[in-house]
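Asker: Here you go, sequence then predicted model.
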Amino acid sequence: MQGLIGAHWHKTLLAKTHLTLGRQRKLTAWLFILPALLFHFLVIGIPALGSIYYSMTQWSGISMTPEKFIGLKNFEDLFSHDEIFPMAFSHNLIWMVLSIGASFALGLGIAALLAQSRLGQRRELAIRGLLFLPNILPAVIVAYMWARLLQPQRGIGALLMQAGLPWNLKYPLLGSPDTALVTVISVTIWRGWPFLMVLFLTAMQTIPPELYDAAKVDGAGAWQQFYNVTIPGIMPAVFFMLMMSAIWSFSSFQYVWLMTGGGPAYSTELLGTMLYKNLVNNFRAGYASAIGMTITALSGALIGLFTLIRKRYEI
């Protein structure tokens, strides 16, 4: 009987000790995370709370003028009375679909070719460096460079016509409402796809070669190996970059602002440029905050959607 009591007491003591150690480990982990959380709250949390408040005010953005609380009036004006908002929102959707589709197709295709190349280490590194060069250039340089190259009178089209081509290539791609948005999107694709290529190539190199050998034994061709081995092997990286690219598409600003300024005739207006114009040009900081909160809500909805898809398909 005493032996049973002693054994029970020993198990209870071990359980309490284990619980205490578990709490200590959790406390230690939280202590290490706490400085980063405090910094995150000071740098991001407080400004975010301020943006929520200012989105419900009428304020010019000048510190000397007091803000006036108006509730959800800014959001009502944005969704019901602002004629530019539907255009900007649709342009963001077009931006997301075209940029993600083309960038992912180029990144996956070139990465698959490089993963199977047998040119030698030095040549492969040289090719990868050349392909990655557009992503190294600053966005300002890229926007300015392509804006000059696409000028009708002194750009690529004019030079090709001077070289003897019979077609009239002096077309204002950035000056026409029909082509301006697609042209700016093409520039962002030119700069962005090498980053996806490097990411996908790194993920492909982690796939065990035995899987490809087994697929070859089963008679799988190159396309079947890519579809049944490569794609499932890099799916976590693809899914993550798909989510991030979708979120980034709603915060796009710099290329449009530097190349077209949202024009011509609002044909390249995005939510980001709309926010900037209301804040800086129109002195409507409260309204601009409402636009910013809308962008945040759209990004949060995308994160929630991708989270549900990830849990549903166990990606």
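Answerer: Arrived safely, thanks for sending.
Asker: which sections of this structure are below the confidence cut-off?
Answerer: When the per-residue scores of the chain are filtered using pLDDT under 70, the ranges that remain are 1-19, 22, 166-167.
Asker: please redo it, this time with the cut-off set to 80
Answerer: Along the chain, the model assigns pLDDT under 80 to residues 1-24, 63-65, 117-121, 160-170, 314-315.
Asker: Do a quick rundown of the strands in it.
Answerer: When secondary structure is read from DSSP state E, the chain shows strands at 57-58, 68-69.
Asker: Minimum distance to Tyr212: which of those strands has it?
Answerer: strand 57-58 (59.9 Å; Cβ to Cβ). Yep, even glycine has a C-beta here, placed from its N, CA and C like the rest.
Asker: can you list contacts of the closest one?
Answerer: For strand 57-58, the external contacting residues (Cβ atoms under 8 Å, 6 or more residues apart in numbering) are Glu67, Lys68, Phe69, Ile70, Lys73, Asn74, Gly286, Ser289.
Asker: again, only using 10 Å
Answerer: When contacts are defined by Cβ atoms under 10 Å, 6 or more residues apart in numbering, strand 57-58 is touched by residues 65-71, 73-74, 284-287, 289-290.
Asker: Now restrict these to buried residues only.
Answerer: By the neighbour-count criterion of 16 or more other Cβ atoms under 10 Å, those include these buried positions: Lys73, Asn74, Arg284, Ala285, Gly286, Tyr287, Ser289, Ala290.
Asker: now the fourth one, nearest residue through space, not along the chain?
Answerer: In space, and not counting its chain neighbours, Ala285 is closest to Gly61: 3.2 Å by Cβ to Cβ, 6 or more residues apart in numbering.
Asker: who touches the one you found in this structure?
Answerer: Contacts were defined as Cβ under 10 Å, 6+ apart; by that measure Gly61 touches 54, 67, 278-280, 282-289.
Asker: before we move on, the earlier item: show me the two of the buried ones among the contacts of strand 57-58 that sit farthest apart.
Answerer: Of all pairs drawn from the buried ones among the contacts of strand 57-58, the one with the largest separation by Cβ to Cβ is Lys73 and Ala285; the distance is 14.2 Å.
Asker: and Asn278, how far is that from Ala112?
Answerer: Note on Asn278: its distance to Ala112, by Cβ to Cβ, to the nearest Å, is 44 Å.
Asker: Between these two, which is the more surrounded one?
Answerer: Taking other Cβ atoms under 10 Å, Asn278 and Ala112 do not tie; Asn278 has more neighbours (24 against 20).
Asker: Is the more buried one in contact with Gly286, as I believe?
Answerer: Yes: between Asn278 and Gly286 there is a contact under Cβ atoms under 10 Å: 9.2 Å.
Asker: Quick check: neighbours shared by those two?
Answerer: Overlap between the neighbourhoods of Asn278 and Gly286 consists of Gly61, Asn74, taking contacts as Cβ under 10 Å, 6+ apart.
Asker: one step back: torsion angles phi and psi at the residue nearest to Ala285?
Answerer: phi 90, psi -10 (degrees, to the nearest 10).
Asker: can you pull the contacts of the closest residue to Leu98 other than its chain neighbours?
Answerer: Once its chain neighbours are removed from consideration, Leu98 has its nearest residue in Ile185; the separation is 5.0 Å (Cβ to Cβ, 6+ apart). Taking Cβ under 10 Å, 6+ apart as the definition of contact, the neighbours of Ile185 are 91, 94-99, 102-103, 249, 252, 255-256, 268.
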